[in-house]
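this one's structure only:
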(Lines give C-alpha, C1' and ligand atoms only; values in the text may rest on other atoms or scores of the structure.)
Protein backbone atom coordinates (compact mmCIF):
# COMPACT_ATOMS: atom_id res chain seq x y z
CA UNK A 1 0.00 0.00 0.00
CA UNK A 2 1.37 3.40 -1.01
CA UNK A 3 1.09 6.67 0.92
CA UNK A 4 -1.53 8.02 -1.50
CA UNK A 5 -3.66 4.89 -1.01
CA UNK A 6 -3.77 5.53 2.73
CA UNK A 7 -4.96 9.09 2.12
CA UNK A 8 -7.80 7.76 -0.04
CA UNK A 9 -9.02 5.14 2.42
CA UNK A 10 -8.66 6.73 5.85
CA UNK A 11 -10.96 9.82 5.57
CA UNK A 12 -13.95 7.80 4.39
CA UNK A 13 -13.42 5.25 7.11
CA UNK A 14 -13.18 7.93 9.80
CA UNK A 15 -16.30 9.70 8.45
CA UNK A 16 -18.30 6.50 8.78
CA UNK A 17 -17.14 6.13 12.38
CA UNK A 18 -17.91 9.79 13.16
CA UNK A 19 -21.56 9.43 12.08
CA UNK A 20 -22.14 7.31 15.15
CA UNK A 21 -21.17 10.24 17.41
CA UNK A 22 -23.83 12.86 18.09
CA UNK A 23 -21.96 15.91 19.31
CA UNK A 24 -19.22 18.01 17.72
CA UNK A 25 -16.70 17.43 20.52
CA UNK A 26 -16.70 13.70 19.98
CA UNK A 27 -16.38 14.22 16.25
CA UNK A 28 -13.28 16.36 16.86
CA UNK A 29 -11.93 13.53 19.01
CA UNK A 30 -12.45 11.10 16.15
CA UNK A 31 -10.76 13.52 13.76
CA UNK A 32 -7.75 13.79 16.08
CA UNK A 33 -7.61 10.01 16.23
CA UNK A 34 -7.64 9.94 12.45
CA UNK A 35 -4.62 12.22 12.15
CA UNK A 36 -2.78 10.34 14.88
CA UNK A 37 -3.54 6.99 13.23
CA UNK A 38 -2.41 8.32 9.87
CA UNK A 39 0.87 9.46 11.39
CA UNK A 40 1.43 6.02 12.90
CA UNK A 41 0.72 4.34 9.57
CA UNK A 42 3.29 6.53 7.80
CA UNK A 43 5.90 6.09 10.50
CA UNK A 44 5.46 2.31 10.36
CA UNK A 45 5.69 2.32 6.55
CA UNK A 46 8.83 4.45 6.59
CA UNK A 47 10.52 2.32 9.24
CA UNK A 48 9.89 -0.83 7.19
CA UNK A 49 11.10 0.84 3.98
CA UNK A 50 14.20 2.01 5.85
CA UNK A 51 14.93 -1.59 6.92
CA UNK A 52 15.23 -2.66 3.28
CA UNK A 53 17.19 0.45 2.31
CA UNK A 54 19.64 -0.03 5.17
CA UNK A 55 20.06 -3.69 4.26
CA UNK A 56 20.91 -2.74 0.68
CA UNK A 57 23.35 -0.17 2.03
CA UNK A 58 25.01 -2.91 4.07
CA UNK A 59 25.33 -5.15 1.01
CA UNK A 60 26.84 -2.25 -0.93
CA UNK A 61 29.39 -1.74 1.86
CA UNK A 62 30.64 -5.34 1.77
CA UNK A 63 30.66 -5.70 -2.02
CA UNK A 64 34.20 -5.53 -3.35
CA UNK A 65 35.14 -3.76 -6.62
CA UNK A 66 35.45 -7.11 -8.43
CA UNK A 67 31.84 -8.00 -7.60
CA UNK A 68 32.26 -10.55 -4.82
CA UNK A 69 31.44 -10.01 -1.14
CA UNK A 70 33.17 -10.36 2.17
CA UNK A 71 30.97 -12.27 4.59
CA UNK A 72 31.17 -9.51 7.22
CA UNK A 73 33.42 -6.51 7.92
CA UNK A 74 34.59 -8.24 11.11
CA UNK A 75 38.22 -9.30 11.49
CA UNK A 76 37.42 -13.02 11.25
CA UNK A 77 35.01 -12.86 8.31
CA UNK A 78 36.67 -10.35 5.98
CA UNK A 79 37.30 -12.98 3.33
CA UNK A 80 35.33 -14.18 0.32
CA UNK A 81 33.33 -17.40 0.60
CA UNK A 82 31.64 -18.82 -2.51
CA UNK A 83 28.54 -19.74 -0.52
CA UNK A 84 28.15 -16.42 1.30
CA UNK A 85 28.70 -14.47 -1.90
CA UNK A 86 25.97 -16.42 -3.67
CA UNK A 87 23.44 -16.01 -0.86
CA UNK A 88 24.26 -12.31 -0.60
CA UNK A 89 23.64 -11.94 -4.34
CA UNK A 90 20.07 -13.30 -4.16
CA UNK A 91 18.30 -9.91 -3.74
CA UNK A 92 19.68 -8.93 -7.15
CA UNK A 93 18.43 -12.03 -8.98
CA UNK A 94 15.21 -10.25 -9.98
CA UNK A 95 16.83 -6.84 -10.59
CA UNK A 96 18.10 -5.41 -13.88
CA UNK A 97 21.03 -3.46 -12.43
CA UNK A 98 23.77 -5.88 -13.54
CA UNK A 99 24.93 -6.60 -9.98
CA UNK A 100 23.97 -10.28 -10.06
CA UNK A 101 25.71 -10.81 -13.40
CA UNK A 102 28.91 -9.12 -12.22
CA UNK A 103 29.06 -11.43 -9.18
CA UNK A 104 28.51 -14.58 -11.24
CA UNK A 105 31.01 -13.50 -13.88
CA UNK A 106 33.69 -13.04 -11.22
CA UNK A 107 32.92 -16.46 -9.78
CA UNK A 108 33.24 -18.00 -13.23
CA UNK A 109 36.56 -16.19 -13.61
CA UNK A 110 37.61 -17.68 -10.27
CA UNK A 111 36.79 -21.17 -11.56
CA UNK A 112 38.77 -20.42 -14.73
CA UNK A 113 41.75 -19.29 -12.64
CA UNK A 114 41.79 -22.75 -11.07
CA UNK A 115 40.78 -24.66 -14.18
CA UNK A 116 44.03 -26.63 -14.01
CA UNK A 117 43.06 -27.92 -10.57
CA UNK A 118 39.52 -28.78 -11.62
CA UNK A 119 40.94 -30.67 -14.63
CA UNK A 120 43.10 -32.77 -12.31
CA UNK A 121 40.21 -33.69 -10.07
CA UNK A 122 37.85 -34.49 -12.90
CA UNK A 123 40.26 -37.32 -13.63
CA UNK A 124 41.29 -38.08 -10.05
CA UNK A 125 38.75 -37.93 -7.25
CA UNK A 126 39.81 -35.46 -4.52
CA UNK A 127 40.37 -36.96 -1.08
CA UNK A 128 42.05 -34.35 1.13
CA UNK A 129 40.19 -31.12 1.86
CA UNK A 130 42.84 -28.96 0.17
CA UNK A 131 42.32 -30.85 -3.10
CA UNK A 132 38.69 -29.75 -3.44
CA UNK A 133 37.61 -26.47 -5.02
CA UNK A 134 38.28 -24.09 -2.18
CA UNK A 135 35.37 -22.52 -0.37
CA UNK A 136 37.22 -19.45 0.95
CA UNK A 137 39.56 -16.89 -0.72
CA UNK A 138 41.41 -13.73 0.15
CA UNK A 139 39.26 -10.69 -0.46
CA UNK A 140 41.59 -8.53 -2.53
CA UNK A 141 43.05 -10.94 -5.09
CA UNK A 142 40.54 -13.83 -4.78
CA UNK A 143 43.27 -16.41 -4.37
CA UNK A 144 43.38 -19.56 -2.25
CA UNK A 145 44.44 -18.94 1.34
CA UNK A 146 47.22 -21.15 2.66
CA UNK A 147 45.60 -22.32 5.87
CA UNK A 148 43.93 -25.57 6.92
CA UNK A 149 40.21 -25.38 6.17
CA UNK A 150 37.24 -27.64 5.55
CA UNK A 151 37.08 -26.94 1.81
CA UNK A 152 35.08 -30.05 0.90
CA UNK A 153 31.79 -28.20 0.51
CA UNK A 154 29.62 -29.66 -2.24
CA UNK A 155 26.70 -27.41 -1.30
CA UNK A 156 28.69 -24.37 -2.43
CA UNK A 157 29.34 -25.87 -5.88
CA UNK A 158 25.75 -27.04 -6.17
CA UNK A 159 24.59 -23.52 -5.27
CA UNK A 160 26.92 -22.05 -7.90
CA UNK A 161 25.38 -24.28 -10.57
CA UNK A 162 21.89 -23.30 -9.40
CA UNK A 163 22.79 -19.60 -9.48
CA UNK A 164 24.10 -19.87 -13.04
CA UNK A 165 21.10 -21.86 -14.23
CA UNK A 166 18.55 -19.67 -12.46
CA UNK A 167 20.17 -16.51 -13.78
CA UNK A 168 20.08 -17.81 -17.35
CA UNK A 169 16.48 -18.94 -16.89
CA UNK A 170 15.54 -15.36 -15.94
CA UNK A 171 17.16 -13.95 -19.06
CA UNK A 172 20.46 -12.83 -17.56
CA UNK A 173 23.61 -13.23 -19.63
CA UNK A 174 25.56 -15.31 -17.13
CA UNK A 175 27.46 -17.43 -19.66
CA UNK A 176 29.46 -14.92 -21.67
CA UNK A 177 31.12 -17.25 -24.15
CA UNK A 178 31.99 -20.86 -24.95
CA UNK A 179 34.75 -20.87 -22.34
CA UNK A 180 32.21 -20.15 -19.60
CA UNK A 181 30.00 -22.93 -20.93
CA UNK A 182 32.94 -25.33 -21.01
CA UNK A 183 33.74 -24.44 -17.38
CA UNK A 184 30.13 -25.08 -16.38
CA UNK A 185 30.40 -28.49 -18.00
CA UNK A 186 33.61 -29.16 -16.07
CA UNK A 187 31.91 -28.31 -12.78
CA UNK A 188 29.33 -30.98 -13.56
CA UNK A 189 32.09 -33.50 -14.26
CA UNK A 190 33.84 -32.39 -11.06
CA UNK A 191 30.77 -33.28 -8.98
CA UNK A 192 30.62 -36.60 -10.79
CA UNK A 193 34.28 -37.28 -10.00
CA UNK A 194 33.73 -36.35 -6.35
CA UNK A 195 30.79 -38.77 -6.25
CA UNK A 196 28.89 -36.05 -4.43
CA UNK A 197 25.98 -38.32 -3.53
CA UNK A 198 28.04 -40.29 -1.01
CA UNK A 199 31.20 -38.24 -0.56
CA UNK A 200 31.54 -37.02 3.02
CA UNK A 201 32.02 -33.26 2.96
CA UNK A 202 32.39 -30.46 5.52
CA UNK A 203 28.91 -29.14 4.84
CA UNK A 204 27.43 -25.67 5.14
CA UNK A 205 28.92 -25.14 8.62
CA UNK A 206 32.44 -26.23 7.56
CA UNK A 207 32.77 -28.82 10.29
CA UNK A 208 33.68 -32.53 10.35
CA UNK A 209 33.05 -34.60 7.25
CA UNK A 210 29.77 -36.46 6.88
CA UNK A 211 27.22 -37.02 4.13
CA UNK A 212 25.01 -33.91 4.46
CA UNK A 213 21.49 -33.74 3.06
CA UNK A 214 21.96 -30.02 2.45
CA UNK A 215 25.03 -30.73 0.31
CA UNK A 216 23.50 -33.59 -1.67
CA UNK A 217 20.30 -31.60 -2.20
CA UNK A 218 22.18 -28.51 -3.39
CA UNK A 219 23.96 -30.62 -6.01
CA UNK A 220 20.67 -32.15 -7.17
CA UNK A 221 19.20 -28.67 -7.51
CA UNK A 222 22.26 -27.28 -9.27
CA UNK A 223 22.41 -30.12 -11.77
CA UNK A 224 18.71 -29.77 -12.53
CA UNK A 225 19.16 -26.02 -13.05
CA UNK A 226 21.82 -26.44 -15.75
CA UNK A 227 20.58 -29.59 -17.48
CA UNK A 228 19.49 -27.58 -20.56
CA UNK A 229 22.75 -25.64 -20.68
CA UNK A 230 25.23 -28.53 -20.54
CA UNK A 231 25.26 -32.32 -20.62
CA UNK A 232 24.41 -34.16 -17.40
CA UNK A 233 25.78 -37.73 -17.29
CA UNK A 234 23.08 -40.38 -17.06
CA UNK A 235 22.14 -41.23 -13.49
CA UNK A 236 24.05 -38.34 -11.91
CA UNK A 237 20.94 -36.61 -10.57
CA UNK A 238 19.21 -39.88 -9.68
CA UNK A 239 22.18 -40.97 -7.55
CA UNK A 240 21.70 -37.85 -5.44
CA UNK A 241 17.95 -38.36 -5.16
CA UNK A 242 18.51 -41.91 -3.89
CA UNK A 243 21.09 -40.74 -1.35
CA UNK A 244 18.79 -37.99 -0.10
CA UNK A 245 15.98 -40.51 0.25
CA UNK A 246 18.15 -42.74 2.44
CA UNK A 247 18.75 -39.82 4.81
CA UNK A 248 14.95 -39.40 5.05
CA UNK A 249 14.45 -36.05 6.83
CA UNK A 250 17.86 -36.12 8.54
CA UNK A 251 20.71 -33.73 7.78
CA UNK A 252 23.28 -36.45 8.52
CA UNK A 253 23.15 -40.03 9.73
CA UNK A 254 23.35 -38.87 13.36
CA UNK A 255 21.69 -35.42 13.16
CA UNK A 256 17.98 -35.45 12.51
CA UNK A 257 17.44 -31.70 12.23
CA UNK A 258 19.63 -28.77 11.17
CA UNK A 259 19.06 -25.20 10.03
CA UNK A 260 21.00 -26.02 6.85
CA UNK A 261 18.00 -28.05 5.70
CA UNK A 262 16.12 -24.79 5.10
CA UNK A 263 18.21 -24.54 1.92
CA UNK A 264 16.40 -27.58 0.54
CA UNK A 265 13.18 -25.54 0.65
CA UNK A 266 14.73 -22.24 -0.46
CA UNK A 267 16.46 -21.79 -2.77
CA UNK A 268 16.70 -25.40 -3.89
CA UNK A 269 13.11 -26.66 -3.65
CA UNK A 270 14.30 -30.25 -3.38
CA UNK A 271 11.99 -31.39 -0.57
CA UNK A 272 8.39 -32.25 -1.32
CA UNK A 273 5.77 -30.00 0.25
CA UNK A 274 4.98 -32.61 2.91
CA UNK A 275 8.64 -33.09 3.84
CA UNK A 276 9.23 -29.33 3.85
CA UNK A 277 6.36 -28.76 6.27
CA UNK A 278 7.59 -31.51 8.58
CA UNK A 279 11.17 -30.17 8.54
CA UNK A 280 9.90 -26.66 9.31
CA UNK A 281 7.85 -28.05 12.18
CA UNK A 282 10.90 -29.74 13.67
CA UNK A 283 13.03 -26.63 13.29
CA UNK A 284 10.43 -24.44 15.00
CA UNK A 285 9.93 -26.97 17.77
CA UNK A 286 13.56 -27.67 18.55
CA UNK A 287 15.83 -25.00 17.04
CA UNK A 288 13.86 -21.74 17.12
CA UNK A 289 14.81 -19.31 19.89
CA UNK A 290 13.89 -15.72 20.82
CA UNK A 291 16.50 -14.01 18.63
CA UNK A 292 17.25 -16.58 15.98
CA UNK A 293 17.59 -20.23 15.08
CA UNK A 294 20.33 -22.48 16.44
CA UNK A 295 22.18 -24.36 13.72
CA UNK A 296 21.67 -27.73 15.42
CA UNK A 297 21.23 -29.05 18.91
CA UNK A 298 24.52 -29.04 20.78
CA UNK A 299 26.27 -26.56 18.46
CA UNK A 300 29.40 -25.39 20.28
CA UNK A 301 30.31 -22.52 17.91
CA UNK A 302 29.87 -19.31 19.92
CA UNK A 303 28.13 -21.35 22.60
CA UNK A 304 28.25 -19.76 26.03
CA UNK A 305 30.18 -22.91 27.02
CA UNK A 306 32.67 -22.69 24.14
CA UNK A 307 35.26 -21.36 26.56
CA UNK A 308 35.43 -24.88 27.98
CA UNK A 309 36.42 -26.27 24.58
CA UNK A 310 34.51 -27.65 21.61
CA UNK A 311 35.51 -31.27 22.14
CA UNK A 312 32.67 -32.31 24.45
CA UNK A 313 29.66 -34.40 23.44
CA UNK A 314 26.86 -32.41 21.81
CA UNK A 315 24.67 -32.87 24.87
CA UNK A 316 27.17 -30.82 26.90
CA UNK A 317 26.17 -27.69 24.94
CA UNK A 318 22.39 -28.15 25.02
CA UNK A 319 20.76 -24.87 25.99
CA UNK A 320 23.92 -22.84 25.38
CA UNK A 321 23.79 -22.71 21.56
CA UNK A 322 24.06 -19.40 19.73
CA UNK A 323 20.92 -17.99 18.10
CA UNK A 324 21.53 -17.27 14.40
CA UNK A 325 19.57 -14.26 13.10
CA UNK A 326 19.54 -15.38 9.46
CA UNK A 327 17.34 -18.31 10.43
CA UNK A 328 14.40 -15.93 10.96
CA UNK A 329 14.16 -14.46 7.43
CA UNK A 330 15.06 -17.87 6.03
CA UNK A 331 12.01 -19.33 7.77
CA UNK A 332 9.95 -16.47 6.36
CA UNK A 333 11.08 -17.25 2.80
CA UNK A 334 10.39 -20.95 3.27
CA UNK A 335 6.84 -20.19 4.35
CA UNK A 336 6.45 -17.88 1.35
CA UNK A 337 7.53 -20.79 -0.85
CA UNK A 338 4.77 -22.87 0.74
CA UNK A 339 2.10 -20.20 0.52
CA UNK A 340 1.75 -19.49 4.25
CA UNK A 341 1.92 -15.70 4.15
CA UNK A 342 0.78 -15.12 7.73
CA UNK A 343 3.62 -17.21 9.11
CA UNK A 344 6.05 -15.55 6.72
CA UNK A 345 4.99 -12.13 7.98
CA UNK A 346 5.47 -13.27 11.58
CA UNK A 347 9.08 -14.25 10.88
CA UNK A 348 9.79 -11.04 8.95
CA UNK A 349 8.59 -9.08 11.97
CA UNK A 350 10.72 -11.30 14.24
CA UNK A 351 13.71 -10.42 12.05
CA UNK A 352 13.01 -6.70 12.34
CA UNK A 353 12.87 -6.99 16.12
CA UNK A 354 16.44 -8.33 16.30
CA UNK A 355 17.87 -5.74 13.90
CA UNK A 356 20.27 -3.20 15.32
CA UNK A 357 19.52 0.52 15.02
CA UNK A 358 21.52 0.87 11.80
CA UNK A 359 19.61 -1.99 10.15
CA UNK A 360 22.38 -4.52 10.72
CA UNK A 361 21.56 -8.14 11.36
CA UNK A 362 24.23 -9.82 13.48
CA UNK A 363 25.47 -13.28 12.66
CA UNK A 364 24.07 -14.41 16.00
CA UNK A 365 23.18 -13.52 19.55
CA UNK A 366 24.68 -15.41 22.46
CA UNK A 367 22.17 -17.81 24.02
CA UNK A 368 19.31 -16.11 25.87
CA UNK A 369 20.92 -12.68 25.67
CA UNK A 370 20.70 -9.47 23.67
CA UNK A 371 24.45 -9.49 23.00
CA UNK A 372 25.45 -10.02 19.35
CA UNK A 373 28.78 -11.55 18.38
CA UNK A 374 31.46 -9.52 16.56
CA UNK A 375 30.49 -10.75 13.07
CA UNK A 376 28.02 -7.92 12.61
CA UNK A 377 26.53 -7.26 10.17
CA UNK A 378 26.40 -10.64 8.43
CA UNK A 379 25.70 -10.08 4.74
CA UNK A 380 23.95 -13.42 4.34
CA UNK A 381 21.41 -12.46 7.02
CA UNK A 382 20.63 -9.02 5.61
CA UNK A 383 20.30 -10.48 2.10
CA UNK A 384 17.76 -13.07 3.24
CA UNK A 385 15.81 -10.30 5.01
CA UNK A 386 15.62 -8.32 1.75
CA UNK A 387 14.39 -11.36 -0.18
CA UNK A 388 11.76 -12.15 2.45
CA UNK A 389 10.58 -8.55 2.82
CA UNK A 390 10.36 -7.79 -0.89
CA UNK A 391 8.50 -11.01 -1.62
CA UNK A 392 6.10 -10.47 1.26
CA UNK A 393 5.24 -6.82 0.58
CA UNK A 394 2.78 -7.42 -2.29
CA UNK A 395 1.00 -9.99 -0.14
CA UNK A 396 0.38 -7.64 2.79
CA UNK A 397 -0.40 -4.50 0.78
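Yep, it's here. From a predicted model like this one, the values you see are computed outputs, not experimental measurements.

what segments of the stretch 1-150 of the chain are strands?
When assigned using DSSP state E, counting those that start in this stretch, the strands of the stretch 1-150 of the chain occupy the ranges 80-81, 136-137.

got a list of contacts for the last one?
Spelled out, it's strand 136-137. The contact list for strand 136-137 (Cβ atoms under 8 Å, 6 or more residues apart in numbering) reads 79-82, 110, 143-145, 149, 151. Using the backbone N, CA and C atoms, a C-beta is placed for each residue, glycine as well.

of all pairs in these, which one is the farthest apart?
110 and 149 (16.0 Å; Cβ to Cβ).

got the contact list for residue 202?
Neighbouring residues of residue 202 by Cβ under 8 Å, 6+ apart: 129, 135, 150-153, 208-209.

go again using 6 Å as the cut-off
Each residue near residue 202 by Cβ atoms under 6 Å, 6 or more residues apart in numbering is listed here: 150, 152-153, 209.

ok, now residue 372?
362, 365.

quick one: low-confidence parts of this structure?
1-49, 397 (pLDDT under 70).

one more pass at 50, please.
Applying pLDDT under 50 to the chain picks out residues 1-14, 16-21, 26-27, 29-31, 33-47.

all helices for the stretch 251-397 of the chain, in order.
273-286, 327-337, 341-354, 379-396 (DSSP state H, counting those that start in this stretch).

most tightly packed of those?
Stretch with highest mean neighbour count among the helices of the stretch 251-397 of the chain: helix 327-337 (a mean of 26; mean count of other Cβ atoms under 10 Å).

report how many residues lie close to the nearest residue to residue 164 once chain neighbours are set aside.
In space, and not counting its chain neighbours, residue 164 is closest to residue 174: 5.1 Å by Cβ to Cβ, 6 or more residues apart in numbering. The number of residues packed near residue 174 is 23, by other Cβ atoms under 10 Å.

follow-up on the earlier one: which one's more surrounded, residue 110 and residue 149?
Remark: of residue 110 and residue 149, residue 110 carries more neighbours, 21 against 17, as counted by other Cβ under 10 Å.

burial of the closest residue to that one other than its chain neighbours, as a residue count?
Spatial nearest neighbour of residue 110, excluding adjacent residues (Cβ to Cβ, 6+ apart): residue 142 at 5.6 Å. Neighbour count of residue 142, defined by other Cβ under 10 Å: 18.

repeat for residue 254
By other Cβ under 10 Å, neighbour count at residue 254 equals 8.

do the same with the one 10 residues further on
By other Cβ under 10 Å, 26 other residues sit near residue 264.

so residue 103 makes contact with residue 89?
Yes - using Cβ atoms under 6 Å, residue 103 is in contact with residue 89, at 4.6 Å.

turn the strands of the stretch 1-150 of the chain into JSON lines, including mean neighbour count.
JSON lines is the format used below for the strands of the stretch 1-150 of the chain (neighbours: other Cβ atoms under 10 Å):
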{"stretch": "strand 80-81", "mean neighbour count": "24"}
{"stretch": "strand 136-137", "mean neighbour count": "20"}
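
one step back: in this structure the residue nearest to residue 164 contacts residue 168, no?
Yes - judged on Cβ under 6 Å, residue 174 makes contact with residue 168 at a distance of 5.2 Å.

quick one: the strands in the stretch 201-350 of the chain, in order.
Here the stretch 201-350 of the chain has its strands, by DSSP E, counting those that start in this stretch, at 323-324.

contact partners for residue 359?
51, 54-55.

picking up where we left off before, select, out of the helices of the stretch 251-397 of the chain, the one closest to residue 301.
Closest among the helices of the stretch 251-397 of the chain, using Cβ to Cβ: helix 327-337, at 13.9 Å.

can you name every helix or strand that that closest one contacts?
helix 341-354, helix 379-396 (3 or more Cβ pairs under 6 Å, 6 or more residues apart in numbering; DSSP states H and E).

now do the residue nearest to residue 205 when sequence neighbours are not counted against residue 204, distance only.
When the adjacent residues along the chain are set aside, residue 205 lies closest to residue 295, with 5.9 Å between them (Cβ to Cβ, 6+ apart). Computed as Cβ to Cβ, to the nearest Å, the residue 295 to residue 204 distance reads 9 Å.

of all the strands of the stretch 1-150 of the chain, which one is nearest residue 278?
Nearest to residue 278 among the strands of the stretch 1-150 of the chain is strand 80-81 (29.9 Å), distances taken as Cβ to Cβ.

what sits against the residue nearest to residue 164?
Neighbours of residue 174 in contact, by Cβ under 6 Å, 6+ apart: 104, 164, 167-168.

isn't residue 387 up against residue 89?
No - with contact defined as Cβ under 6 Å, residue 387 does not reach residue 89; the gap is 10.6 Å.

just the buried members of the contacts of residue 202?
150, 152-153 (16 or more other Cβ atoms under 10 Å).

what separates stretch 242-249 from the chain centre, distance-wise?
23 Å (Cα atoms, centre = their mean, to the nearest Å).

how's this protein carved up into domains?
The chain breaks down by automatic domain parsing into domains covering 1-51, 70-247, 271-397.

dump the ones you listed to TSV, plus distance to residue 59.
Converted to TSV, those look like this (distance: least, Cβ to Cβ, whole Å):
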stretch	distance to residue 59
domain 1-51	13
domain 70-247	6
domain 271-397	6
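
minimum distance to residue 263: which of those domains has it?
That would be domain 70-247 among these, by Cβ to Cβ, at 5.3 Å.

what sits against the residue lying closest to residue 191 once chain neighbours are set aside?
Spatial nearest neighbour of residue 191, chain neighbours left out: residue 219 (5.6 Å); criterion: Cβ to Cβ, 6+ apart. Applying Cβ under 6 Å, 6+ apart, one finds that residue 219 lies in contact with 154, 158, 191, 196, 240.

quick check, nearest of those to residue 335?
Ranked by distance to residue 335 (Cβ to Cβ), these are led by residue 158 at 23.2 Å.

and the helix or strand that contains that closest one, what does it pack onto?
Assigned by DSSP states H and E, residue 158 belongs to helix 154-169. The contact analysis (3+ Cβ pairs under 6 Å, 6+ apart) places helix 154-169 against helix 82-88, helix 213-225.
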